[in-house]
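K.L.:
Pasting the sequence and the predicted model now:
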Amino acid sequence: MVETSPAALLNHLFSISRLLAGQLDFRSAIQAVSAEIAQILPHDHLDVCILRPDGQFHTAYESGIETEWGKQPHAPIANSPIRALLQGAVDHILTEDACTDPRFQFAGGFYKPIHDHGLRARIHVPMMVHGEVIGAFSASLQRAGAYGAEDVRNARYIADLLSPYFFALRAAEQAQRSAIIEAEARAREEGLRLGALKLTEALESERQRIGMDLHDQTLADLTRLTRHLERLPHDGPATAETLEPITRGLHRCMQDLRQIIEQAKPSLLQLFGFAHAVEHHLDRAIRDSGQSIDWTLNDDSTGSFDMLEPTVSIALYRIAQEAINNAVSHAEARRISVQLAAMPGQISLAVSDDGKGIAKKRTRIGSGIDNMKTRARLISARCTLAAGIGGAGTSVGIVLPLARARVAE
């Protein structure tokens, strides 16, 4: 068992979140975070079992000791040593020695790797999204009796952090399989070459979309939270009151990941409309940054943004998020202004600041500008960069011709 302070635990959890970003397959994701997890939960073997959509089979992705579990693409849940957990019958499994524990040994059970590799001390906790078990997070040590109640608690924290990301990967994998099936059907009708080309384009487009969403939302939030965490040692001993906004921010990151993965319309857009969603993000970004920035949002669009087709509305919202994140995180601005407007035949969005301007900002934001331009191009909008408030800073402008936007009836 590793003794960790609340601040150190949060620091490790943030590091795990940052290491997950950009990992687009299950195996690389679990291997990328294994060393950081070891700072919280020591292990000789780590694995994540993800349930398949039919609920009858699962696939194990391992780090550390490689076992026969990781070599089976689809293993029956009925034969799993942790079937009770995967089926929701228990909320965790903790054992001092799995080699002698009768819970891991039953007729037909595939528990041979436990004995082959001496995986004695074991912890298993469910991975859950929206109240549904999507898999299990497991850690093992070859030394018997090495885990206790605090390790179970830490394993739950890790599982809660991994769950939305792996849920997203599973959703993306299912989408890719559907795309492959559709592409194969088209290939039979239109020729193998054309079908293969369409499949490649579809998968690359989906990959870019997930990458842009992770950059625009999750990484920006994690960067702000990490900076907040880095300031804690200078503010005196960590307390529940000082850690609460960081914990709240982490939960928001997890919720945002779920939305990205499910490819759902952002809930604020759906419930309250475009202007309110942008205003909420602007206010939250500034509050989480800890800076004193004056902001305004003027909506002269007469509801035009809420009449757009959902995919167009989401693209515009993501552009607004990125522009706001850049202004808050990189511009050193004192004022930020957002303007929504509607004119005959077109609508416009502008995010302006009075900061130090693009030329003087750090080069790492280039991908964010590229993302905004790419999103604008995909919906046939025009993206421009100009001087911001009072001739200083930056103004990101988007103009969308309504004739091209396929306004929803």
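P.N.:
Looks like it came in fine.

K.L.:
So L41: helix, strand or coil?
P.N.:
In terms of secondary structure, L41 is coil; the call rests on DSSP: H, G, I helix; E, B strand; the rest coil.

K.L.:
quick one, what contacts it?
P.N.:
2, 123, 139, 151, 154-155, 158 (CB atoms under 8 Å, 6 or more residues apart in numbering). All C-beta atoms are positioned from the backbone trio N, CA, C, and that covers glycine.

K.L.:
go again using 7 Å as the cut-off
P.N.:
The contact partners of L41, by CB atoms under 7 Å, 6 or more residues apart in numbering, come to 139, 151, 154-155, 158.

K.L.:
Could you count how many residues lie near S292?
P.N.:
7 (other CB atoms under 10 Å).

K.L.:
Am I right that N298 falls within a strand?
P.N.:
Yes - checked against three-state DSSP, N298 lies within a strand.

K.L.:
What about the residue found closest to it once you drop the neighbours it is linked to in the chain, how many residues nearby?
P.N.:
Take N298 and drop its neighbours on the chain: the residue closest to it by CB to CB, 6 or more residues apart in numbering is Q339, 5.2 Å away. By other CB under 10 Å, 17 other residues sit near Q339.

K.L.:
Could you do H115 as well?
P.N.:
13.

K.L.:
Please identify the buried residues of the strand or helix carrying the residue nearest to N298?
P.N.:
Q339 is located in strand 335-343, with elements delineated by DSSP states H and E. Neighbour counts over strand 335-343 (16 or more other CB atoms under 10 Å) mark 335-342 as buried.

K.L.:
re the thing from before, I'd say the residue nearest to N298 and A350 touch.
P.N.:
Yes - under the criterion of CB atoms under 7 Å, Q339 makes contact with A350 at 4.5 Å.

K.L.:
Please determine how far F104 is located from S140.
P.N.:
Distance, F104 to S140, by CB to CB, to the nearest Å: 11 Å.

K.L.:
and those two? which has more neighbours close in?
P.N.:
Neighbour count, other CB under 10 Å: between F104 and S140, S140 has more, with 27 against 20.

K.L.:
do you know how far that one is from I82?
P.N.:
Distance from S140 to I82, by CB to CB: 11 Å.

K.L.:
got it, and P53?
P.N.:
19 Å.

K.L.:
Between those two, which is the more surrounded one?
P.N.:
Using other CB under 10 Å as the criterion, P53 and I82 rank with I82 on top: 21 against 10.

K.L.:
In contact with that one, which residues?
P.N.:
For I82, counting by CB under 7 Å, 6+ apart, the contacting residues are 93, 124, 136.

K.L.:
The last one looks like it's in a strand, true?
P.N.:
Yes - under three-state DSSP, A136 sits within a strand.

K.L.:
quick one: contacts for it?
P.N.:
49, 82, 85-86, 124-127.

K.L.:
and it, what are its bridge partners?
P.N.:
Beta-bridge partners recorded for A136 (DSSP bridges): C49, P126.

K.L.:
Flag the shaky bits of this protein, pLDDT-wise.
P.N.:
1-4, 183-221, 223, 225, 228-240, 242-243, 251, 254-268, 359-367, 403-409 (pLDDT under 70).

K.L.:
Strands along that one, start to end?
P.N.:
45-51, 57-64, 75-76, 93-95, 121-129, 132-141, 294-300, 335-343, 346-353, 382-386, 395-401 (DSSP state E).

K.L.:
where's T67 relative to R143, distance?
P.N.:
On the measure of CB to CB, T67 and R143 end up 17 Å apart.

K.L.:
which of the two has more neighbours?
P.N.:
More crowded of T67 and R143, by other CB under 10 Å: T67, with 19 against 13.

K.L.:
Identify the residue nearest the more buried one in space, chain neighbours excluded?
P.N.:
P113 (3.8 Å).

K.L.:
That neighbour and G70 touch, don't they?
P.N.:
No - P113 lies out of contact with G70 (CB under 7 Å); the separation is 9.0 Å.

K.L.:
which of those two has more neighbours?
P.N.:
P113 (22 against 19).

K.L.:
dump the residue contacts of that one.
P.N.:
So P113 contacts 67-69, 119 (CB under 7 Å, 6+ apart).

K.L.:
Just the buried ones from those residues, in PyMOL syntax?
P.N.:
The following PyMOL line selects those of those that are buried, judged by 16+ other CB under 10 Å:
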select buried, resi 67+69+119
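
K.L.:
Just the closest of the contacts of P113 to S395, please.
P.N.:
Here the nearest of the contacts of P113 to S395, counting by CB to CB, is W69; it sits at 54.5 Å.
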